[in-house]
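Engineer: Sequence and computational prediction follow.
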Amino acid sequence: MNIRPRRLRRTPAIRDMVRETALSPKDFIAPLFVKHGQGIKDPIPSMPGQFQFSPDTVTEEVRELHSLSVPAVILFGLPDSKDPTGTRSFADDGVVQRAVSEIKEKVPEVLVFTDVCLCEYTDHGHCGILKEGEVDNDATLEVLALQAISHAKAGADFVAPSDMMDGRVAAIRWELDEAGFHKTGILSYAVKYSSGFYGPFREAADSAPQFGDRAGYQMDPANALEALKEASLDVDEGADMIMVKPALSYLDIIRRVRDQCVLPLAAYNVSGEYAMVKAAQERGWIDGNRVMMETLISIKRAGADLILTYFAKEAAALL
């Protein structure tokens with residue numbers, strides 16, 4: 001007897017019927033960059049198709065994403081000023097706070113996640129408060145909690161701490177509850193590696209460190225067991241969802257975290273991963289749409305329930 005697996009690949013109808021992994025627009029969270037002003041939609045050179053928006057124009061972008069069945073966005077802010085301690089990160093009139101309020105007023109059906117970190121707001125570009133040239137973990141927790149509360153007050157559905165300080169999920173959960181924001185969820189960047197794939201994002205968010213790097217608080221790309229420890233800690237501290245970042249070079253990590261964790265698992269298809277596809281597509285080296293969908297299906301196949309991706313609008317339109 002000849003075993004012929006090709007029988008199940010013979011026609012599109014058969015392949016669709018036996019396909020093991022399916023993508024949907026409802027799997028996506030679209031990252032968006034917001035800045036002060038009005039009527040702004042500035043292209044990001046290193047990320048073709050992505051923009052820096054003002055609160056009014058970002059609302060229009062969110063409305064378009066909603067029409068394509070993308071259920072959620074995550075906001076990153078470019079403040080009007082920076083200082084050593086990132087005080088604009090928790091200002092009631094901050095750009096993210098204003099954008100959240102406007103989105104929830106105009107497109108309330110869309111879930112709004114907000115990035116909680118200080119790198120965009122500090123004049124030194126690090127993700128926390130500096131003391132003697134190093135990021136002070138516990139001093140940073142206080143400011144992160146203030147930032148999270150300000151986002152919740154504006155109407156955010158989930159806050160997403162990305163700073164990689166120890167204990168920040170517990171600190172934010174405690175302060176949210178004390179302030180009466182029991183319903184506000186936490187999507188923790190539980191497993192965030194110190195990666196070279198973040199370059200275009202740092203241009204988009206104006207968040208590059210002014211000295212040194214972030215290897216002292218983000219994870220070593222060589223480590224896998226550490227990822228399980230970090231994920232477990234954030235679950236124990238009260239995270240509602242957890243994330244692995246980046247995605248493509250860490251598909252094995254997504255799988256290992258998925259096997260350990262019962263919470264919803266997100267993965268961030270980051271700026272460098274997006275930019276490489278776009279650059280190769282522009283040069284005619286690849287079929288951009290095909291590689292985009294293959295990239296996203298690989299992340300879902302590895303075990304991610306949700307994918308933060310700059311491809312959200314394009315992929316949703318194809319799906």
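Structural biologist: Perfect, thanks for sending it.
Engineer: quick one: the strands in the stretch 101-250 of the chain?
Structural biologist: For the stretch 101-250 of the chain, applying DSSP state E, counting those that start in this stretch gives strands covering 111-116, 129-131, 134-136, 158-161, 185-192, 241-245.
Engineer: between those, which one is nearest to residue 235?
Structural biologist: When the strands of the stretch 101-250 of the chain are compared by Cβ to Cβ, strand 241-245 sits nearest residue 235, at 6.7 Å. Bear in mind the C-beta positions are built from the backbone N, C-alpha and C, glycine included.
Engineer: how much does that closest one deviate in direction from strand 185-192?
Structural biologist: Strand 241-245 runs at 30 degrees relative to strand 185-192, counting by axes from the mean of the first three to the mean of the last three Cα atoms, to 10 degrees.
Engineer: now strand 241-245: how far from the chain's centre is it?
Structural biologist: Strand 241-245 has its C-alpha centroid displaced from the chain centroid by 9 Å (Cα atoms, centre = their mean, to the nearest Å).
Engineer: Run the chain-centre distance for the next helix or strand after that strand.
Structural biologist: Using DSSP states H and E, the next helix or strand after strand 241-245 towards the C-terminus is helix 251-260. Counting by Cα atoms, centre = their mean, helix 251-260 is centred 18 Å from the centre of its parent chain.
Engineer: Show me what helix 251-260 is packed up against.
Structural biologist: Packing partners of helix 251-260 (3 or more Cβ pairs under 8 Å, 6 or more residues apart in numbering; DSSP states H and E): strand 185-192, helix 225-236, strand 241-245, strand 265-269, helix 288-302.
Engineer: strands paired with the third one, and their directions?
Structural biologist: Within its sheet, strand 241-245 is paired with strand 185-192 (parallel), strand 265-269 (parallel), according to DSSP bridges.
Engineer: Next, the contact list for residue 311, please.
Structural biologist: 28, 269, 274, 292, 295, 296 (Cβ atoms under 8 Å, 6 or more residues apart in numbering).
Engineer: Drop anything exposed from those.
Structural biologist: Buried by 16 or more other Cβ atoms under 10 Å: 28, 269, 274, 292, 295, 296, out of those.
Engineer: got a pLDDT number for the last one?
Structural biologist: What the model reports as pLDDT for residue 296 is 98.
Engineer: now do the third one
Structural biologist: pLDDT, residue 274: 97.
Engineer: May I see the buried residues of stretch 99-109?
Structural biologist: 99, 100, 101, 102, 103, 104, 107.
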